[in-house]
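# below is the sequence, then the predicted model.
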Amino acid sequence: MRLDVEPEEIKIFLEELEEQIQIFEEGLLKLEKEPESFDLLSEIFRCAHTLKGSSYSVGHNTIAQLTHRMEDLLAKLRNKEVKLTADITNILLEGLDVLKILKSDLENEKEEEVDIKPFIQKINQICREKKEEIPISEDKIEKIIEEKENPKTYKIFVKISPQCEGIEIRVSQIFSYLSEMGKIYKSKPTWEELENGEVSKEVNIIFVSEKKKEEIEEILNIVPEVEKVDIELLSEKETVKEEKLVEGKSIEKKEGKISVKKVPSLKGSVVGRSIRIDVERLDALMDLLGELVIDRTRLIQLGTDLESKYEDDSTVIFLNQAFEHLDGVSTELHEQVMKTRLLSIGVIFNKFPRMIRDLSIKSGKKINLKIYGEETKLDKQIIDQMVDPLTHILRNAVDHGIEEPQERKKKGKPEEGNIILSALHHEDHILITIEDDGKGIDLDKIKEKVVKSGLITKDSIDKLTDKEILDFVFIPGFSTKEVAGEVSGRGVGMDIVKANIEKLSGSMMVETEKDKGTKINIRLPLTLAIMKSLLVEVGENIFAFPLFSVMEALMTKKEDVKTVRRKETINLREEVLPILNLKQIFELEEIKEDEEEYLWVVVVSWTDKKAGFMVDSLIGEQEIVIKPLSPLIEKVQGISGVAILGSGDIALVLDTSGLINVVIEEKIRKIA
Amino acid sequence: MDEGIRQIVVFELGREIYGIDIYKVCEIITLQKITKIPRTPSFVEGVINLRGKIIPVIDLRKRLNLFCKDFDEETRIIIVEVARNIAGMVVDGVSEVLSVSQDEIKLPSPLVVSSVETEYLEGVINLEEQLIIMLNIEKVLTEKEKGSLVEIGNEVKKWR
């Protein structure tokens, strides 16, 4: 459908569509569980109403018609003419689905359109079943006045206080409130005049509404800086005579009903508390901030150098004071900008109730989804990347986790299965868990598959711990073959989920117990771009460990490194800690066998595993800006990017879980 | 600018003379500290920090299997922009910028003897005693080689 409005308006309309559809769906699903809640019902009624209004004003008649019908149905619910049955919930959900399609068609500028007639017929039928409803003819797309009980026509005069500075705002507020209560036929100033700023302190309106005069008066008096409100009842159900008010729009008479070409919908003209910002602008801000961080570090370093050169020079001292202040300010700036990029994870969590509801109906299983921690905030980038992995994990939980009601009954479990999705903030990272009380992951089946695929012999397999067996689920190509049910992904295995999470410098851990259930823990850093790190030297290179994964750094004697099962380890306070050699992993050149007695070990943790990495020396903690390696260079496993240090040198940023994978793969290669 | 006149940056590689269109060249710098990236093909020298930008640098001589002399005062890095990616190429020396007319650039015939595989060549210019070989720099920087991959584009999107 081609709309005859500015692209900017279409953009705003699309954003509003997205928002309102979301609120509607959420509210409806909640209402299903609490059918008596008047608040929820009112909320979704408002959604339909808002969308109806804005779609009329941009001229999208199909969406207008659709939302109009949905609003009618909701009105009936509100008036208790019908009760909320499963049928009604389903038809409304179906309506939302059609709406989503229409929205995406509009986004993609598709000319042809989904035929909404069948849906309209369905919903009409449901409306009709309860009480006689005047069927609205479906081919007439012109807006017609609802056949309500007693529409009254008023002549309204509003005077705005002479001290008022923002007259346009007050006038739009007046129009806005009136539109919510009825229909503005004519007005002086007209909608166009208002847009052009041609307003005066006097507003005249011909208004049709069922509301009583007192109600309208009350509402209008809420508008600040309104001095006087005069309302005159013209007539009931009379056609409007041509008043000498306006040289405005012509009123057409069509078959005894009055139709108006445009209904002003003024949502958004009231000055609100939030602003929509393009993500690109935020990204640009972040980039600049990254540069600032680098420069600041550089300046501070230079300041320190100067200080050691010109110890008592007062100018140098003042300079360093200024740098200190700059440091404070830029750190604050950093934090504030970070926060703007933070979104509540609820943004993606809220898609899931609907998904689980549909999946459980399809699979015949009873599932209850509980969500906690929707307010937990994450960097937008990370959130975007988490949609697919979380969707996949949840689908798995439904498909392979929760058993069918019969089976659950036999096991003595409640028929309804539980899936708990939660997010919480812990120090400098986020923990997301997905837990189900289903049948757990079948380790024996995995063992079988592994042996069958020839990866490991039957004898060696028995030597592995449960955790190590679980790790196999994450090997590329492993899970895809057997379990590509219709519900879970086709070929999107757990390996890809894990890879996606690790790309975000996160980690994933699985716990499972037969017939008790499965729990998946995902750990993510708060942000990707700017990160606190521990810098180390290894050979000629400088490496950066993400600080949030570093537990400690210690010095140990070379001779304390023992080899256990071909793995180098040390004793860390009674624990055996495997040690990995970065030089080996990265095939770096060995600069002469060290005569050093001691070596440094950085102890790193991810999920529940710990490992130590041998390094030549520690440089220190630094906040770094991570940049990606050029696309022309193939991704190196174990390295998540590069960072420019204050000194101008380049550090390689380590991806700890990627590093471990390098070692695991080597291990498997050696065993097999 | 005249249609049909091309401006070529002329440089030396492994004892031969090469050229590349000037509009592809961002700048030419002297050798600076290159940070090696582990586990990359041998012709990938590493990355450099150019005024805050991370730029990958490849050794063009190694890439094209040419004779590699040690780095010296003549060695330069030519920063090019190819398919919206920026990269640096180590060359043995940059001599001049030449203006040639379009028809002076001939397609490489099988008779042209060059150490470089013909698929990386865009053409040759026969100028007095000199043979200048025009490089197809896009192919050089982006082609998948057996055993080592050099891919464009999607890596960045995936990372973000």
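Right, received. Where do you want to start? Residues are numbered from 1 along each chain as shown, chains lettered A, B, ... in the order given.
# what does chain A have sitting close to chain B?
A:291, A:294, A:381, A:503, A:540-541, A:586-588, A:627-639, A:641-642, A:644, A:648-650, A:652 (Cβ under 8 Å from any Cβ of the partner chain). Backbone N, C-alpha and C define where each C-beta goes, glycine included.
# point out where the stretch 151-300 of chain A drops to low pLDDT.
Scanning the stretch 151-300 of chain A with the threshold set as pLDDT under 70 gives A:235-274.
# so where do the strands sit in it?
A:152-160, A:182-188, A:202-209, A:226-236, A:252-254, A:257-259 (DSSP state E, counting those that start in this stretch).
# how about those in JSON lines, adding mean neighbour count?
Below are the strands of the stretch 151-300 of chain A laid out as JSON lines (neighbours: other Cβ atoms under 10 Å in any protein chain shown):
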{"stretch": "strand A:152-160", "mean neighbour count": "20"}
{"stretch": "strand A:182-188", "mean neighbour count": "20"}
{"stretch": "strand A:202-209", "mean neighbour count": "20"}
{"stretch": "strand A:226-236", "mean neighbour count": "13"}
{"stretch": "strand A:252-254", "mean neighbour count": "11"}
{"stretch": "strand A:257-259", "mean neighbour count": "15"}
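# using JSON lines, lay out these together with distance to residue A:20.
JSON lines is the format used below for those (distance: least, Cβ to Cβ, whole Å):
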{"stretch": "strand A:152-160", "distance to residue A:20": "29"}
{"stretch": "strand A:182-188", "distance to residue A:20": "21"}
{"stretch": "strand A:202-209", "distance to residue A:20": "23"}
{"stretch": "strand A:226-236", "distance to residue A:20": "29"}
{"stretch": "strand A:252-254", "distance to residue A:20": "30"}
{"stretch": "strand A:257-259", "distance to residue A:20": "26"}
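# can you confirm residue B:119 is in a helix?
Yes - under DSSP: H, G, I helix; E, B strand; the rest coil, residue B:119 falls within a helix.
# what's the distance between it and residue B:135?
Per Cβ to Cβ, to the nearest Å, residue B:119 is found 11 Å from residue B:135.
# try residue A:348
47 Å.
# neighbour-wise, which of those two wins?
residue B:135 (24 against 19; other Cβ atoms under 10 Å in any protein chain shown).
# around residue A:392, count how many other residues there are.
18.
# please read the previous query as pertaining to residue A:15.
For residue A:15, using other Cβ under 10 Å, the count is 11.
# identify the residue spatially nearest to it, adjacent ones excluded.
Among residues not flanking residue A:15 along the chain, residue A:276 sits closest, at 6.7 Å (Cβ to Cβ, 6 or more residues apart in numbering or on different chains).
# ok, now residue B:76?
Spatially, and ignoring its direct neighbours in sequence, residue B:76 is nearest to residue B:94 (5.0 Å; Cβ to Cβ, 6+ apart).
# pLDDT at that neighbour, what is it?
Residue B:94 is assigned a predicted lDDT (pLDDT) of 92.
# same check on residue A:89?
Residue A:89 is given a pLDDT of 88.
# confirm that it sits in a helix.
Yes - counting by three-state DSSP, residue A:89 is located in a helix.
# picking up where we left off before, ramachandran angles for the residue nearest to residue A:15?
phi -90, psi 130 (degrees, to the nearest 10).
# now swap in residue A:16 and tell me
phi -70, psi -40.
# hmm, residue B:92 and residue B:12 touching each other?
Yes - counting by Cβ atoms under 8 Å, residue B:12 touches residue B:92, with 4.3 Å between them.
# tell me which of these two has more neighbours.
residue B:92 (22 against 18).
# give me the number of residues near residue 121?
Went with chain A since none was named. Neighbours of residue A:121 (other Cβ under 10 Å): 12.
# ah, no, chain B please
With other Cβ under 10 Å as criterion, residue B:121 counts 19.
# is it in contact with residue B:137, as I believe?
No - the pair residue B:121 and residue B:137 fails to qualify as a contact (Cβ under 8 Å) at a distance of 10.8 Å.
# next one: the closest residue to chain B within chain A from residue A:575, what distance?
Of all residues in chain A, residue A:586 sits closest to chain B, at 3.5 Å by Cβ to the nearest Cβ. Distance, residue A:586 to residue A:575, by Cβ to Cβ: 26 Å.
# of the two, who's got more company?
Counted by other Cβ under 10 Å, residue A:586 and residue A:575 do not tie: residue A:586 has more neighbours, with 24 against 9.
# please name the residues that touch the residue lying closest to that one once chain neighbours are set aside.
Computed as Cβ to Cβ, 6+ apart, the closest residue to residue A:586 that is not its neighbour in sequence is residue B:38, at 3.5 Å. Residue B:38 sits next to A:541, A:586, A:587, A:588, A:636, A:639, A:652 when contact means Cβ atoms under 8 Å, 6 or more residues apart in numbering or on different chains.
# list only buried entries from those residues.
Buried subset of the contacts of residue B:38 (neighbour count, 16 or more other Cβ atoms under 10 Å in any protein chain shown): A:541, A:586, A:588, A:636, A:639, A:652.
# now, among those residues, which is nearest to residue A:223?
Taking Cβ to Cβ as the measure, residue A:639 is the one of those closest to residue A:223, at 60.4 Å.
# does the closest one have beta-bridge partners, and which?
Applying DSSP bridges to residue A:639 gives these bridge partners: residue A:654.
# residues contacting it?
A:629, A:652, A:653, A:654, A:655, A:658, B:37, B:38.
# can you check residue B:96 too?
Residue B:96 neighbours (Cβ under 8 Å, 6+ apart): B:9, B:10.
# flag every buried residue along the one helix or strand it maps to.
Applying DSSP states H and E as the criterion places residue B:96 in strand B:93-101. Neighbour counts over strand B:93-101 (16+ other Cβ under 10 Å) mark B:94, B:98, B:100 as buried.
# strand partners of the helix or strand that that strand is followed by, parallel vs antiparallel please.
Per DSSP H and E, strand B:93-101 leads on to strand B:105-106 as the next helix or strand towards the C-terminus. Here strand B:105-106 is paired, per DSSP bridges, with strand B:121-127 (antiparallel).
# and the contacts of the strand it pairs with?
B:8, B:19, B:98, B:100, B:104-108, B:112, B:114, B:131-136.
# grab the nearest non-local neighbour of residue A:203.
Nearest one to residue A:203, counting by Cβ to Cβ, 6+ apart, is residue A:158 at 4.4 Å.
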